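Enquirer: Just to be clear, the model below is a prediction. Sequence and coordinates:
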Protein chains: 4
Amino acid sequence: SLVGGSWLSRAPYEERFGPYVRRVVSRSSIPTRDEISMALSYAKESAVVIRRMTPFERAEILETAAVLAVERKEELARILALELGKPMKDSRGEMIRVADTFAISASEARRLGGELLGAEGWERGRGTTAITFRAPVGVVLAITPFNAPANLLAHKLAASFAAGNTTIVKPPPQAPAISNAVVRLLLDAGMPLEAVQILHGGVEVGSALSSAPEVAAISFTGSAKAGAAVAASAGPKRLVLELGGNAATIICSDADLDLAANNCAKTGFSNSGQSCISVQRIYVDSSIAHEFTLKLTAAVARLKVGDPLDDSTDVGSMVDDMAASRIVNWIDEARIAGAIVTIGGVRSGATVLPAVVSGPPIDSKVVNQEAFGALVAVIEFNDFKTVIQACNRSEYGLQAGLFTNDIGRIFYAWRELEVGGLVVNGSSNYRLDHAPFGGVKNSGIGRESPRWMLDDYTYIKTMMLRDISLWGDE
Amino acid sequence: SLVGGSWLSRAPYEERFGPYVRRVVSRSSIPTRDEISMALSYAKESAVVIRRMTPFERAEILETAAVLAVERKEELARILALELGKPMKDSRGEMIRVADTFAISASEARRLGGELLGAEGWERGRGTTAITFRAPVGVVLAITPFNAPANLLAHKLAASFAAGNTTIVKPPPQAPAISNAVVRLLLDAGMPLEAVQILHGGVEVGSALSSAPEVAAISFTGSAKAGAAVAASAGPKRLVLELGGNAATIICSDADLDLAANNCAKTGFSNSGQSCISVQRIYVDSSIAHEFTLKLTAAVARLKVGDPLDDSTDVGSMVDDMAASRIVNWIDEARIAGAIVTIGGVRSGATVLPAVVSGPPIDSKVVNQEAFGALVAVIEFNDFKTVIQACNRSEYGLQAGLFTNDIGRIFYAWRELEVGGLVVNGSSNYRLDHAPFGGVKNSGIGRESPRWMLDDYTYIKTMMLRDISLWGDE
Amino acid sequence: SLVGGSWLSRAPYEERFGPYVRRVVSRSSIPTRDEISMALSYAKESAVVIRRMTPFERAEILETAAVLAVERKEELARILALELGKPMKDSRGEMIRVADTFAISASEARRLGGELLGAEGWERGRGTTAITFRAPVGVVLAITPFNAPANLLAHKLAASFAAGNTTIVKPPPQAPAISNAVVRLLLDAGMPLEAVQILHGGVEVGSALSSAPEVAAISFTGSAKAGAAVAASAGPKRLVLELGGNAATIICSDADLDLAANNCAKTGFSNSGQSCISVQRIYVDSSIAHEFTLKLTAAVARLKVGDPLDDSTDVGSMVDDMAASRIVNWIDEARIAGAIVTIGGVRSGATVLPAVVSGPPIDSKVVNQEAFGALVAVIEFNDFKTVIQACNRSEYGLQAGLFTNDIGRIFYAWRELEVGGLVVNGSSNYRLDHAPFGGVKNSGIGRESPRWMLDDYTYIKTMMLRDISLWGDE
Amino acid sequence: SLVGGSWLSRAPYEERFGPYVRRVVSRSSIPTRDEISMALSYAKESAVVIRRMTPFERAEILETAAVLAVERKEELARILALELGKPMKDSRGEMIRVADTFAISASEARRLGGELLGAEGWERGRGTTAITFRAPVGVVLAITPFNAPANLLAHKLAASFAAGNTTIVKPPPQAPAISNAVVRLLLDAGMPLEAVQILHGGVEVGSALSSAPEVAAISFTGSAKAGAAVAASAGPKRLVLELGGNAATIICSDADLDLAANNCAKTGFSNSGQSCISVQRIYVDSSIAHEFTLKLTAAVARLKVGDPLDDSTDVGSMVDDMAASRIVNWIDEARIAGAIVTIGGVRSGATVLPAVVSGPPIDSKVVNQEAFGALVAVIEFNDFKTVIQACNRSEYGLQAGLFTNDIGRIFYAWRELEVGGLVVNGSSNYRLDHAPFGGVKNSGIGRESPRWMLDDYTYIKTMMLRDISLWGDE
């Protein structure tokens, strides 16, 4: 942990057991209650230091960090592979995205400004000139998840810094080393110590931080349940919550089936399906369902499962054995209820062989709950409007995919699907770090990607100049 | 109460005792637990009905309502005077603002749109076109306060409708008749029954509604304490909280003292000071403090106190005797601690004579807590930077006023004051219904005024078209 | 003519001969050289008067004018029918659009504002705060065409006034009465005399005005040739030029043929094709060309041609006999060159029977030049990319239509067609008064519709405050 | 010259005589009429090549160029000093700004996008969805001036490339080597040959290019007279014209006189006053005029005049002997008419000693015409409103300076001065490469700085999808 400008390095330590390598790979110092208080006081005082940096200074540091992230890509990707079982090719990809995220945040810092409002557009504003700008909220709390611990930390911390805030990071217990490494990278790039602290720990640490009055805004990525707890403890703070999903992807009869099958195979099992937008429910038009399922199964069969440190591996391990065990149980439950598992569904340690579950009952866990693991469910449909309703029959609403070329269906789905984002001719599992990302319903509130995060990490500050008119007073 | 399209009219009733006229002036039916559930289900179903109206249809209804609000001004202003003791001149002003608020909301409805994002501005976006629009969240809960029960209901309901949502209104127990009257006005203007329900009641009703999963966003105006309770019960919903304030106004030595004194007298006691931005703390440069206090006292002496139904009355009664009694007690406490009350500070029933409290200790209630009543405190200062810090020494941060012509001081204050809005050459108590309004710290989160409310009453919905480029693919 | 606040009413008069009613229907006073000079001086002085009105005052006048336009619809529509031979149903439609245009302009006036720029986003801006607003340019010259003389005058004059300018209108010689009537309507709505002058006349009047140094911006709608002359005489002024077109509409094999045929019949002959976006070239996929041509011919046969004052008439007369004669000649030229005229193509006076010219040579006038009359050419195509190139083989580039549901084709056409606007599942002849309208190549520069016109009728005025930072200076 | 992808290197050459070093320092090949035609055809064909690069590719090239500009700073600054007599410290500054301009342009390229418009906000838009984006115009002609030949070429070329266009550069005859060097730098950074051509020459070359139909937009910086000629020959093209100025700076009685005097001395004579916003007219409140003039004269006396290659030189030579001679004549004319020259006003070759001309008649050339040389005129004033009118009594309106802290005066001046930009507590001679820059009246039209240039280097392209609603159709 990094508290008040100093790295803690003393017991109690929490150790992280690498799920594929089957040994302890990292550890973190857990802060005491006093250290948490100290961190909060330090953040309060540091907020004004960061706010007084000019935006270009913050931008230049972030641009330097983008360069460093590329330079340290191999080293940090290896940490990701060790701590999480994420394959090197995905881990490297995550580091490239970290670099992008820093550069995008820098670009947003440079644009921070405001408006001169049309105050005299309505009669009561006669003789008044109103101007706004976006002032930093002060202290942001960033609670990050284990599945993309580098890039999501980068998003929250870089956007908060771009906005002119200091940030307290509460990383996931499963990824202490990579979290520390990303923070160190930013410090090496010139980020002042006052801009960031990192407090390792579990729910108690998170809860102590989220309920603290020093914190003005919270950015949380994690489960719906944990998000609800954060919201309840936070009280009146600005919240951005990126919670779970059981994302649907729809394959229409006019779709390019090879494209759809290969895309779903790839994006349904990257990071062993541990992504809130991973393809979980595939709805296929019944006229092409058989052919699609064959192609999908074949594509899944081509995925190489194994050692995350091996450059050719497509699918490594899940985060831990318990998660892997849950996924296998869910698959078995669906099988017993009548589903056909065309491939995969067994595990070794934390590694689950990618599973295609065809025809599961609509009330089975693989359909209704968030799987967050190496499975996809394939479900047939007959009618487009009906399948939209089926997709919406979920407590979640993050993203969806749709394979079709018909503009009527595309816009109908965009309008009627209860999701934050629709991907057309791609699966639900597609995210650009410079496009707004986030959900509705139990998938959360607010949007990530630096430009939109800045809206929540700043507040609009208005000045009204009375007896000052831009039009005339004579 | 208006539930599921029907007005309730049966016991139990809650009666409202007019604070000036000293008799029951209105009453409201309190919904049962079942009716609350029914209202929530009805809202859920109605959301899609309102969303499917086109924006121009919603805009036209709001424009019709703006016309009706002017037509019914006298009638509704009289209800405000009776229920709340608000003078007719202020009540009429509130109705004019209701009309403006409807027209401004209509204008925003007509502009609802989105963006075509520069998806190909970063490498990972190659070959993708991303488009967004703002989709309605569905069900908005509007919890309104007693001090401007018509215009703040108008803000929340009109902006929510403009955005395409259905709204549940929980009005203040002190203002049932005016709340019903504003809703009826909108229905008469053509707002569909599916667009609005009104559930009278107290904390229990509010809490049942704010914790309901059917509700996607809550707009609350009230005390900081009540706002915190709403936030805690709401969980992960989009919140706009407009809470309290003990607003400061600074008078520099170069100020126009007549302007400043008259403005503070008027805006410190309009609605008996019952406004979250009412002038409570006046910081005066010591070189002009004596002269300013004389002028202020003289200006306050010119205010006509009395029957709110009398057209010439400037100051009517407070909301109830308890509130008036509290204000008098606070003034007495300050007096005992050494302050000089240059005028006012006594009460008759709910009516408090406007009080100027000069030189109160900085730890007295009239300085530190939210007065929300007919008093202003006058405090001397010697140094500009120091007085900014004094203003910031408050748990609140809504608005501030500043009388000076010096551009250096003006921008310094804008930057350094911890508030949502600064009024220059006017007091803290100035609000335009078309400029962003809201606070920081315990004064809340989010901004009101229709344009900004629409940001919180909608969510960004993104579509990413893969293999569609606006630049080239050959 | 209205010059310097007074209506001229003396010889020399220019008379307008109604093309259908075959008699003089209106006349206009032509200003002398001295009166033109006077108008320019008056405009220069009046600019500051209009600029000093607050935007809400300008908006309220425009909103009143919107109401008046609906009230006077019948009367003004009749003038359109008499002066131009435009059928009453189209003339009424034009007046409804005039009303919309006023209301849309009012809405834009209310929003005039600016930006607080991120000056400190780049190092050289350290310590500077930059703010902009949009100041009126002063004097706008509006040169309007005969084909939609009410709505295009409304666009130019209302947008110019909304922006805070005074305007000199040079109307078309063919439509003096309707032009005067729209100006009178605005004056009756409260527009100050200083805001508008109207100078009738031909090329010499236009040229004297466009070359005058008092004029800061020119908005011209007319032919490409006349537009080039305006540009050459204007010198360094802001120009918005809406010039000609020979618009193409593409019908793909997946199109709804009934929709396409009926739409092309209606929008190819409304106002006898005298619109710069009228459907002139219809490119039809060869697999459906025969069927489409039959349907189109049948739909054209259903159009009622005749007296513009008759409520049931679809197609009235063209602007004059010479125009009608030219159209018939072009059709004959195409016929001789091998085209088949499936219907129409003869004239009586200024009335041309709607003509469908199937298979004209690609170098015939009906394909290559701007017809601006009652004909459409139907041409087959075999390949989508090739037909896009065929459409682009024109000196013009205003709008195009495309009938298909394929998202790939839609975005390809949007990207590759050299036009200002593409209408999907509609013909080229579709315009919303609140969406940007204008062309490329010889179809002009700039965009109409009030919001975009305001960009050209104002200039960005910047203020840079040195040693004023929104971030920090300590 | 660089034509059609190849550098010309053959006679006829035009030679450039270094104004300080008194020898030929560079030369350029002048294209023939055929080569001009070839360049135009090549541009037309290349436009589509550049448009098809994705924006991120263009951005990355520009970012590489920013790095190169810093690396080559010394070398290119030396060329500026030799060709133009510009002191090394200013020349280095110009190269730093070139780097910034490339980076700012890159940032704008990444943001190119559009809007989803509220088409259904007005009744006629029911059932339509409208989307826009900014498409490149194709071929941009950049005619650059001699006074900042590197940075203004950088602005025009980088912004045009960022927008997706190809550019033809017509550089000033006085600066062939630096113009070539900046183009080479961009090519070395990866800009494709199709993106740029450079055609040296004088008025005939410029005129042949500006009248060519292949050119869609022209960005010109130069004299008002030359700008008018460009406009007349261009016809209907999008024009950005940055023309002359005789900029005023106002010093009020409350100003910081040391700051004002030093700032005016520095910015009145940088580049020997050869800047369109150089301080030419200083209006001083009469109560402080004497003191200010003394301080200004003293500050000017501290400027080091001499060899531009010497690192300590503040003022080098003017562009040529004729320009220097003209300035000295103007000063003499003013002296004869009664002005007092407190310092400077003599010349040696092209070098003019910085001159302060106190009390010139208001009709003298140093007041009324554009000096563009090493002089400032000091004029007293008594009344603020009157001095604003005096400033406006100029055919030009580019920028102004104002030294005061009074907010009333500041906003009054912002509103009433007929200029494109006002600098507060700085002189007229201040420009940020990321803020809009440009004038009114004879100072031109349009705004430079990449973000605003992109508006003129692109056109809005609209797509209207009929029968597609974002709200509902059931």
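Expert: Arrived safely, thanks for sending. Every value quoted in this text rests on a predicted model; they were computed, and no experiment measured them.
Enquirer: Look through chain A and tell me its longest helix.
Expert: The residue-count maximum for a helix in chain A (DSSP state H) belongs to helix A:88-109.
Enquirer: Any buried residues in that one, and which?
Expert: Neighbour-count burial for helix A:88-109, counted by 16 or more other Cβ atoms under 10 Å in any protein chain shown, picks out A:88-109. Using the backbone N, CA and C atoms, a C-beta is placed for each residue, glycine as well.
Enquirer: Go back to these and keep what's next to chain B.
Expert: Restricting the buried residues of helix A:88-109 to those near chain B by Cβ under 8 Å from any Cβ of the partner chain leaves A:Arg97, A:Asp100, A:Ala103, A:Ile104.
Enquirer: List of residues touching stretch A:176-187?
Expert: A:2, A:14, A:16, A:25-28, A:61, A:65, A:68-69, A:72, A:75-76, A:79-80, A:82-84, A:98, A:144, A:149-150, A:153-154, A:157-158, A:161, A:169, A:171-172, A:193, A:195-196, A:198, A:200 (Cβ atoms under 8 Å, 6 or more residues apart in numbering or on different chains).
Enquirer: Got a PyMOL select line for the buried ones in the residues you listed?
Expert: Applying 16+ other Cβ under 10 Å to those, the buried members can be selected in PyMOL as follows:
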select buried, chain A and resi 2+16+25+26+28+61+65+68+69+72+76+79+80+82+83+84+98+144+149+150+153+154+157+158+161+169+171+172+195+196+198+200
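Enquirer: Need the three-state assignment for A:Thr35.
Expert: That one is not Thr; residue A:35 is Glu. Counting by DSSP: H, G, I helix; E, B strand; the rest coil, the backbone at A:Glu35 sits in helix.
Enquirer: so what's the closest residue to it other than its chain neighbours up against?
Expert: Spatial nearest neighbour of A:Glu35, excluding adjacent residues (Cβ to Cβ, 6 or more residues apart in numbering or on different chains): A:Val3 at 5.1 Å. The neighbours of A:Val3, taking Cβ under 8 Å, 6+ apart as the test, are A:Pro31, A:Glu35, A:Met38, A:Ala39, A:Tyr42, A:Gln197, A:Leu199.
Enquirer: Tell me which of the contacts of stretch A:176-187 fall in strands.
Expert: A:Leu2, A:Glu14, A:Arg16, A:Val25, A:Ser26, A:Arg27, A:Ser28, A:Val169, A:Val196, A:Ile198 (DSSP state E).
Enquirer: ok, of these, which one's closest to B:Ile460?
Expert: A:Val169 (25.4 Å; Cβ to Cβ).
Enquirer: ok now do A:Arg415, which residues does it touch?
Expert: B:Ala135, D:Ser469, D:Leu470, D:Trp471, D:Gly472.
Enquirer: what helix or strand is it on?
Expert: helix A:407-416 (DSSP states H and E).
Enquirer: Just the buried residues of that helix, please?
Expert: A:Ile407, A:Arg409, A:Ile410, A:Phe411, A:Tyr412, A:Ala413, A:Trp414, A:Arg415, A:Glu416.
Enquirer: Next one: the nearest residue to A:Leu2 once chain neighbours are set aside from A:Asp188, what distance?
Expert: Closest residue in space to A:Leu2, ignoring its immediate chain neighbours: A:Ile198 at 4.5 Å, by Cβ to Cβ, 6+ apart. Plainly put, A:Ile198 is 15 Å away from A:Asp188 if you go by Cβ to Cβ, to the nearest Å.
Enquirer: got the end-to-end distance for stretch A:447-467?
Expert: Distance across stretch A:447-467, first residue to last, is 39 Å (Cα to Cα, to the nearest Å).
Enquirer: does chain C sit close to that stretch?
Expert: No. Stretch A:447-467 lies out of reach of chain C by Cβ under 8 Å from any Cβ, never closer than 8.9 Å.
Enquirer: average pLDDT for that stretch?
Expert: Stretch A:447-467 carries an average pLDDT of 98.
Enquirer: roughly how far out does it sit from the chain middle?
Expert: In terms of Cα atoms, centre = their mean, to the nearest Å, the centre of stretch A:447-467 is set 22 Å apart from its chain centre.
Enquirer: now do stretch A:87-106
Expert: 13 Å.
Enquirer: Going by distance to chain B, which of the contacts of A:Val3 wins?
Expert: For those, the minimum distance to chain B (Cβ to the nearest Cβ) is 18.8 Å, reached by A:Tyr42.
Enquirer: C-alpha coordinates for the helix holding A:Arg415, PDB please?
Expert: The C-alpha atoms that make up helix A:407-416 are tabulated as PDB, following Å, rounded to 0.1, in the frame of the first residue of the first chain:
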ATOM      1  CA  ILE A 407     -31.000  -1.200 -40.800                       C
ATOM      2  CA  GLY A 408     -34.500  -1.600 -39.500                       C
ATOM      3  CA  ARG A 409     -33.500  -4.300 -37.100                       C
ATOM      4  CA  ILE A 410     -30.300  -2.500 -36.100                       C
ATOM      5  CA  PHE A 411     -32.100   0.600 -35.000                       C
ATOM      6  CA  TYR A 412     -34.900  -1.300 -33.500                       C
ATOM      7  CA  ALA A 413     -32.500  -3.200 -31.400                       C
ATOM      8  CA  TRP A 414     -30.600  -0.100 -30.400                       C
ATOM      9  CA  ARG A 415     -33.800   1.500 -29.300                       C
ATOM     10  CA  GLU A 416     -35.500  -1.400 -27.600                       C
END
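Enquirer: tilt between that helix and helix C:407-416?
Expert: Inter-element angle recorded for helix A:407-416 and helix C:407-416: 90 degrees (by axes from the mean of the first three to the mean of the last three Cα atoms, to 10 degrees).
Enquirer: Beyond helix A:407-416, next helix or strand please.
Expert: Immediately after helix A:407-416, counting by DSSP H and E, sits strand A:421-424.
Enquirer: Quick check on A:Pro236: phi, psi?
Expert: In terms of degrees, to the nearest 10, the main-chain angles of A:Pro236 are phi -80, psi 80.
Enquirer: tally of neighbours for it?
Expert: 24 (other Cβ atoms under 10 Å in any protein chain shown).
Enquirer: contacting residues for the nearest residue to it once chain neighbours are set aside?
Expert: Counting by Cβ to Cβ, 6+ apart, A:Pro236 lies nearest to B:Ala231, which is 4.3 Å off, once chain neighbours are set aside. Residues near B:Ala231 by Cβ under 8 Å, 6+ apart: A:Ala231, A:Ala234, A:Gly235, A:Pro236, A:Lys237, B:Leu239, B:Leu241.
Enquirer: Let me know the closest of those to chain C.
Expert: A:Lys237 (23.4 Å).
Enquirer: Do you know the pLDDT at A:Ala11?
Expert: If you check A:Ala11, the pLDDT there is 86.
Enquirer: go on, the one 4 residues further on?
Expert: The predicted local confidence for A:Glu15 comes out at a pLDDT of 96.
Enquirer: A:Asp473 too?
Expert: The model reports A:Asp473 with a pLDDT of 76.
Enquirer: quick one: secondary structure of it?
Expert: Counting by three-state DSSP, the backbone at A:Asp473 sits in coil.
Enquirer: helix or strand right after the host helix or strand of A:Ile282?
Expert: Element membership for A:Ile282, per DSSP H and E: strand A:281-285. Next in sequence after strand A:281-285, counting helices and strands by DSSP H and E, comes helix A:289-301.
Enquirer: pull the CA atoms of that following helix into CSV?
Expert: What follows is helix A:289-301, C-alpha atoms only, in CSV (Å, rounded to 0.1, in the frame of the first residue of the first chain):
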residue,chain,number,x,y,z
ALA,A,289,-29.0,-22.5,-35.4
HIS,A,290,-27.7,-25.9,-36.3
GLU,A,291,-25.1,-24.6,-38.8
PHE,A,292,-24.1,-21.8,-36.4
THR,A,293,-23.6,-24.2,-33.5
LEU,A,294,-21.4,-26.5,-35.5
LYS,A,295,-19.3,-23.6,-36.6
LEU,A,296,-19.1,-22.2,-33.1
THR,A,297,-18.1,-25.5,-31.7
ALA,A,298,-15.4,-25.9,-34.3
ALA,A,299,-14.1,-22.5,-33.6
VAL,A,300,-14.0,-23.1,-29.9
ALA,A,301,-12.2,-26.4,-30.5
